[in-house]
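*Asks:* Pasting a predicted model and its sequence here:
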Amino acid sequence: MRDKEEEGVVDSRRRTWLITTSVAGGIGGVAAVIPFASSLAPSEKAKAAGAPVEVDISELKPGEMKTVAWRGKPVWILNRTPDMLQDVAKADNEVADPRTKNPFTMADPSYCENEYRSRADHKNILVVLAVCTHLGCSPTPRFTPGLQPNLPADWPGGFLCPCHGSTYDLAGRVFKNKPAPQNLDVPPYMFTSATTLVIGKDEKGEA
């Protein structure tokens, strides 16, 4: 009788052990599957890399710029002031290719074939790829006019590439006699409202 009782206790312990290990294994299996399944879903960065990017510019004040990613590259969105637009016009004779007849990796969209390189109904908004056309460095904004380190005394404001000194005006046009041979690229873009634009898509479809 005692042997049967001991066998029953042992069987009960075995059953408890089997249940416990099965549950633990199941939880471990689920825990392992969740990160794996998540890794199969495309990240937001991956989505943005090849798809149009919607940008809210409602809080972008005159004179301010924001940077977003499109196709893995930085894109500048600059809200130019009236003074900045005047500086663009003044730079026409100083830039190497005022009307971007010699584009870099993409031709300017037809609606940006003007000295401001922007849409006529949003002339103040500049949208350009922040990639220097010399060796692919990222220029830095130097909006303040006048003499500054590595810039001429009559600097009108624009962008300076820190790698080899190429300079661009406030329309992304390269100044003459600089290492960079072409203007900054203007990607296709369109406004879906007064304060929202989409980069990588326009009336002709996605880029």
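*Replies:* Received it, and whenever you're ready, just let me know what you need.
*Asks:* Could you use CA atoms for every contact and neighbour count after this?
*Replies:* Will do.
*Asks:* For this protein, which segments count as helices?
*Replies:* Counting by DSSP state H, residue ranges of the helices within the chain are 2-40, 44-50, 82-90.
*Asks:* Not counting sequence-adjacent ones, nearest residue to Leu170?
*Replies:* Distance criterion C-alpha to C-alpha, 6 or more residues apart in numbering; nearest residue to Leu170, sequence neighbours excluded, is Gly158 at 4.6 Å.
*Asks:* And the strands in this structure?
*Replies:* Defined through DSSP state E, the strands belonging to the chain, from first to last, are 53-56, 65-70, 73-79, 125-129, 140-142, 158-160, 167-168, 189-193, 196-199, 201-202, 205-206.
*Asks:* The last one - contacts with which helices or strands?
*Replies:* Same thing as strand 205-206. Strand 205-206 makes packing contacts with no helix or strand when contacts are defined by 3 or more C-alpha pairs under 8 Å, 6 or more residues apart in numbering; DSSP states H and E.
*Asks:* low-confidence ranges in the chain?
*Replies:* Across the chain, the ranges flagged by pLDDT under 70 are 1-49.
*Asks:* mind listing what Asp185 touches?
*Replies:* For Asp185, the set of contacting residues under the criterion of C-alpha atoms under 8 Å, 6 or more residues apart in numbering consists of 103-108, 128-129, 131, 172.
*Asks:* what separates it from Asp202, distance-wise?
*Replies:* The span separating Asp185 from Asp202 equals 16 Å under the rule C-alpha to C-alpha, to the nearest Å.
*Asks:* Look up phi and psi at Asn150.
*Replies:* When quoted as degrees, to the nearest 10, the phi and psi of Asn150 stand at phi 70, psi 20.
*Asks:* Now do the domain split for the chain, please.
*Replies:* What the record gives for the chain is the domain set 1-41, 47-206, from automatic domain parsing.
*Asks:* Highest mean neighbour count out of those domains?
*Replies:* Per residue and on average, the most neighbours among the domains of the chain fall to domain 47-206, with a mean of 18 (mean count of other C-alpha atoms under 10 Å).
*Asks:* For that one, what is the distance to the chain centroid?
*Replies:* If you compare the mean C-alpha spot of domain 47-206 with that of the full chain, they lie 13 Å apart, counting by C-alpha atoms, centre = their mean, to the nearest Å.
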